[in-house]
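Student: sharing a sequence plus its predicted fold:
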Amino acid sequence: MPASTRKEKPAAAATKRPHVCIDRLPAHELARPQLTIGRGGGARAIIVISKMWPNGSTLRVRFMGGTAAQKNLARQQALWWTEHANLHFDFNDAPDAEIRIAFNANDGAWSYVGTDCQGIPLNQPTMNLGFMTGGTAAHEFGHAIGLGHEHLSPTGGIQWNEAQVIHDLSGSPNFWDEATIRHNVINKYSTSQIRGTVFDHDSIMLYAFPASWTINGISTHSNSVLSALDKSFIASSQAYPKTATTAEPVLLTIGGVPKSASIGKTGEEDLFRFKVTKAGKYVVETGGTTDLVMKLFGPNSQTALIAEDDDSGVGLNARIIATLLPGTYLVQIRHYNLANGTGNYTVKVRKG
């Protein structure tokens with residue numbers, strides 16, 4: 001709703017309501033509900049883990065406006081994550097930076113999640129810091145590196161008073177419609193699609209909610225710094241471990257025999273590379289009975305996401321068909337079920 005048509009409530013009432021950030025969805029996800037029916041008939045939530053960047057990535061950041069003080073605060077809080085995670089931020093204002101930050105005071109605080117940033121036109125921001133109280137910038141950078149809201153954790157035990165939540169967030173300062181409220185507050189993630197710890201009341205990824213928003217008396221407090229669990233989780237093998245041995249991606253030969261591989265541990269990520277010498281259509285696909293999710297990055301970049309796929313191949317296999325320019329490409333493969341998924345598979349690349 002345009003600001004000029006909003007009916008502001010008394011300031012005293014508005015200040016009692018928490019600032020809540022928005023998880024922005026790319027256009028291709030806006031066309032479907034957050035929870036859809038997945039294989040086996042079960043509810044399937046937004047796949048947060050599939051939006052994480054390859055471990056060790058350098059993410060470039062461009063400021064689209066903002067004062068010197070705002071930019072400095074954003075830089076400081078972004079680096080809270082890289083003190084622990086095997087990621088790097090390069091604040092070089094590159095036109096094609098992966099993360100692009102606006103400071104529109106009329107647009108709240110929000111960010112696209114992880115690699116969703118790559119699907120946003122370069123003249124548009126992937127993050128907005130309309131307010132920067134407490135650890136807001138750190139919270140939004142958490143989304144930018146693939147983290148979801150802590151209150152959406154299926155282990156949180158929060159039982160929402162939906163009518164009250166919808167009533168409060170429909171007014172100032174958010175003015176959200178019901179679908180936005182359900183996406184950002186009420187609907188929880190599926191356990192098979194996230195990695196995480198036990199519910200962390202001190203997480204920077206959790207906002208303060210009043211007890212009136214729940215039917216079981218649970219309330220949360222505002223967190224302005226990374227919690228101990230935030231730090232340990234982002235540095236763990238489930239996220240971006242600095243201690244991990246960084247193996248060179250396995251070389252795939254275009255048109256060669258399929259390469260045998262396996263997901264030996266839950267949450268494991270396998271990386272492959274191939275080189276294109278002539279522009280054209282290429283097919284990258286997996287084989288076998290293991291349920292896989294695949295991403296393709298390039299050319300000559302491990303953060304420039306070209307495409308991702310779950311079940312376009314045979315059975316539960318992934319298949320990506322794309323027109324590629326000359327260069328080196330990176331293939332990232334994970335199991336669909338990050339809670340306990342392992343198994344053998346093959347991967348190959350051929351001309352389309």
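Tutor: Happy to help now that I have it. Numbers count the residues shown, from 1 in each chain.

Student: so who does M52 touch?
Tutor: Contacts for M52 (Cβ atoms under 8 Å, 6 or more residues apart in numbering) come out as 114-115, 145-146, 239-240. In short, each C-beta sits where N, CA and C put it, glycine included.

Student: for G256, state which of the residues you listed is nearest.
Tutor: T115 (27.6 Å; Cβ to Cβ).

Student: wait, S312 sits on A318?
Tutor: Yes: here S312 reaches A318: they are 6.5 Å apart, a contact under Cβ atoms under 8 Å.

Student: more neighbours, those two?
Tutor: A318 (26 against 13; other Cβ atoms under 10 Å).

Student: what's the burial count for the nearest residue to the more buried one once chain neighbours are set aside?
Tutor: Of all residues not flanking A318 in the chain, M294 sits nearest, at 3.8 Å (Cβ to Cβ, 6 or more residues apart in numbering). If you count neighbours by other Cβ under 10 Å, M294 ends up with 25.

Student: show the average pLDDT along the host helix or strand of M294.
Tutor: Counting by DSSP states H and E, the element that carries M294 is strand 292-297. Strand 292-297 shows a mean pLDDT of 91.

Student: how far off centre is it?
Tutor: 15 Å (Cα atoms, centre = their mean, to the nearest Å).

Student: cool, and stretch 56-66?
Tutor: Going by Cα atoms, centre = their mean, where stretch 56-66 is centred and where its chain is centred differ by 16 Å.

Student: need the mean per-residue confidence for it.
Tutor: 95.

Student: so where's the protein uncertain?
Tutor: Low-confidence segments of the chain (pLDDT under 70): 1-50, 150-157, 173-174, 188-199, 243-247, 338-339.

Student: now do 50
Tutor: 1-15, 28, 30-47, 192-194, 245 (pLDDT under 50).

Student: what's the domain layout of it?
Tutor: Annotated domains of the chain cover 3-234, 250-351 [automatic domain parsing].

Student: surely F63 meets D93?
Tutor: Yes: shown here, F63 and D93 form a contact pair, counting by Cβ under 8 Å, at 6.3 Å.

Student: nearest to G255 among the contacts of M52?
Tutor: Looking across the contacts of M52 and measuring by Cβ to Cβ, the closest to G255 is T115, at 28.1 Å.

Student: so the closest one lies in a strand, does it not?
Tutor: No: secondary structure of T115 (DSSP: H, G, I helix; E, B strand; the rest coil): helix, not part of a strand.

Student: just want to know which of F63 and D93 has more residues nearby.
Tutor: Between F63 and D93, counted using other Cβ under 10 Å, F63 has the larger neighbour count: 20 against 13.

Student: direction included, what does the helix or strand harbouring the more buried one pair up with?
Tutor: Assigned by DSSP H and E, F63 belongs to strand 58-64. Sheet pairing for strand 58-64, assigned by DSSP bridges, gives strand 88-90 (parallel), strand 99-102 (parallel).

Student: hmm, who's touching that strand?
Tutor: 53, 71, 74, 78, 87-103, 125, 144-145, 303.

Student: mind listing what's buried along it?
Tutor: Buried residues in strand 58-64, counting neighbours by 16 or more other Cβ atoms under 10 Å, are found at 59-64.

Student: run a quick neighbour tally on H201.
Tutor: 16.

Student: list the contacts of it.
Tutor: Contacts of H201 (Cβ under 8 Å, 6+ apart): 220-221.

Student: re the thing from before, from the contacts of M52, which two are the most distant?
Tutor: Spatial extent of these (Cβ to Cβ) is set by the pair T115 and A239 at 14.2 Å.

Student: buried only: go through the contacts of strand 58-64 for me.
Tutor: Using 16+ other Cβ under 10 Å as the burial test, these include 53, 71, 74, 78, 87, 89, 91, 97-103, 125, 144-145, 303 as buried.

Student: just these: which are in helices?
Tutor: 71, 74, 78, 144 (DSSP state H).

Student: specify the local secondary structure of the nearest residue to the second one once chain neighbours are set aside.
Tutor: In space, and not counting its chain neighbours, A74 is closest to A137: 4.6 Å by Cβ to Cβ, 6+ apart. Here A137 is helix, with the state taken from three-state DSSP.

Student: quick one: A137 from H221, how far?
Tutor: 19 Å (Cβ to Cβ, to the nearest Å).

Student: which of those two has more residues huddled nearby?
Tutor: A137 (24 against 10).

Student: so what's that one up against?
Tutor: So A137 contacts 73-74, 76-78, 129 (Cβ under 8 Å, 6+ apart).

Student: any idea how far it is from V113?
Tutor: 16 Å.

Student: all helices of the chain, in order?
Tutor: 11-15, 27-30, 68-82, 136-144, 162-169, 178-181, 228-234.
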